[in-house]
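Enquirer: This is a predicted model, with the sequence first.
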Amino acid sequence: MKKYISLQWIWFLPFILILTGCPYSSDIPIDEPKEKVNQDYIGKWVKASSSTEENPKYYNVTKKDDLHYIFEEFTYSSNDKKYNSDKYVGHSTTLGNVVFLNLQKDEKYYFYKIELNKEKKQFKLYEVTDNIDEKFNKSSELKAFFDKYKDLSFFYNKDEEKYEKQ
């Protein structure tokens, strides 16, 4: 009987993997780095919904050079009882009134719309949807695609993340 139940779950695994997608990624950025680093992004940013937690998720953003940031993401592992970090090198690309982060890790770019509120010392991150099937060979093609859909809500995953500067 137990073997039968186990085989049923093995059959179901591919469906679980399909439903738990990854963020949209590309081998190329939206555009080459051209925009100067915005000093307002530099610093420690704690996830607003977890700021009352003992070990909240946070980013430490530093300037790599005039055009690049280093985004170091810290998430607490309750199993290991310590923070784990992931480091991304990134730059911004502005299309109209929308600012995108091109964050690179392990030769892949990940894309986020970022909205900065200087007065409240907050920013919101909107992950570009993982439902994009198109593949792009040139940044100019990717940039045109992003520019076309940047103002549509379904271009982003449902949950935005809000961060507060510490």
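Expert: Now that the structure is in, tell me what you want to look at.

Enquirer: all contacts plus neighbour counts: C-alpha atoms, from now on.
Expert: Fine.

Enquirer: Burial check on Tyr112, number of neighbours?
Expert: By the measure other Cα atoms under 10 Å, the count of residues near Tyr112 is 22.

Enquirer: How confident was the prediction at it?
Expert: pLDDT, Tyr112: 96.

Enquirer: Which residue is the nearest non-sequential neighbour of it?
Expert: Glu127 (4.6 Å; Cα to Cα, 6 or more residues apart in numbering).

Enquirer: which phi and psi does that neighbour have?
Expert: When quoted as degrees, to the nearest 10, the phi and psi of Glu127 stand at phi -70, psi 130.

Enquirer: longest strand anywhere in the protein?
Expert: strand 82-95 (DSSP state E).

Enquirer: which secondary structure elements does that strand contact?
Expert: strand 69-77, strand 98-105 (3 or more Cα pairs under 8 Å, 6 or more residues apart in numbering; DSSP states H and E).

Enquirer: that older thread, quick one: pLDDT of the residue nearest to Tyr112?
Expert: For Glu127, the pLDDT comes out at 95.

Enquirer: now the strands for this protein?
Expert: Assigned by DSSP E, the strands in the chain fall at 25-26, 43-47, 58-63, 69-77, 82-95, 98-105, 108-117, 122-127, 161-165.

Enquirer: pLDDT of the third one, averaged?
Expert: Going back to what we said before, that points to strand 58-63. Confidence for strand 58-63, expressed as mean pLDDT, is 97.

Enquirer: Just the CA coordinates for that strand, please, in PDB.
Expert: Extracted in PDB, the C-alpha atoms of strand 58-63 (Å, rounded to 0.1, in the frame of the first residue of the first chain):
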ATOM      1  CA  TYR A  58      17.500  42.600   4.100                       C
ATOM      2  CA  TYR A  59      19.700  44.000   1.300                       C
ATOM      3  CA  ASN A  60      23.000  45.800   1.700                       C
ATOM      4  CA  VAL A  61      23.400  48.000  -1.300                       C
ATOM      5  CA  THR A  62      26.900  49.400  -2.100                       C
ATOM      6  CA  LYS A  63      28.500  51.200  -5.000                       C
END
